[in-house]
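Engineer: Quick one: sequence plus predicted model below, questions after.
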Amino acid sequence: VQLQAFGGGLVQPGGSMRLSCAVSGSPASIDYMGWYRQNPGEQRDLVAQITNAGATTYEDSVKGRFAISRDNAKTTIYLQMNSLKPEDTAVYYCNARVLDLFSAYDYWGQGTLVTVSS
């Protein structure tokens, strides 16, 4: 599974931005897809996740502002970000997780920087 993220850049506080991530390889094998973010010196944290059944979960600080979605073929995932705040500034990574009987395998996109600033 390979992932490539698109979008990112500079946006003013209160603005909106959409990230997308193209998935190739074996998307049918993916069980979870999501977006994480990370700042220098900090851990990479889950922002939003979507399951094969379409169930979504969000980190508390983005609930009501961000929305994750994907196409049915699992070839693209999106993160719509609204009402952006300076604390949303981070490098955002798309993620695909494949589960088998004993392990979980994580695949990552290259990361895209989102800067929220006036």
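Structural biologist: The structure has been received and is ready for your questions.
Engineer: what's the burial count for the closest residue to R18 other than its chain neighbours?
Structural biologist: Once flanking residues are discounted, R18 sits nearest to Q80: 5.1 Å by C-beta to C-beta, 6 or more residues apart in numbering. Where C-beta positions appear, they are placed from N, C-alpha and C, glycine not excepted. A total of 15 residues lie near Q80 under the criterion other C-beta atoms under 10 Å.
Engineer: residues touching Q80, list them.
Structural biologist: Under the criterion of C-beta atoms under 8 Å, 6 or more residues apart in numbering, the neighbours of Q80 are S16, R18, F66, A67, I68, S69.
Engineer: pretty sure the third one is touching S83, no?
Structural biologist: Translated: F66. No - taking C-beta atoms under 8 Å as the contact criterion, F66 and S83 are not neighbours in contact, 9.0 Å apart.
Engineer: returning to that earlier point: which element, helix or strand, includes the residue nearest to R18?
Structural biologist: strand 76-81 (DSSP states H and E).
Engineer: then that strand to PDB, C-alphas only?
Structural biologist: Included here for strand 76-81 are C-alpha records, laid out as PDB according to Å, rounded to 0.1, in the frame of the first residue of the first chain:
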ATOM      1  CA  THR A  76      -8.600   8.500  -1.900                       C
ATOM      2  CA  ILE A  77      -9.200   9.800   1.600                       C
ATOM      3  CA  TYR A  78     -10.000  13.400   2.400                       C
ATOM      4  CA  LEU A  79      -9.800  15.600   5.400                       C
ATOM      5  CA  GLN A  80     -12.000  18.700   5.300                       C
ATOM      6  CA  MET A  81     -10.800  21.200   7.900                       C
END
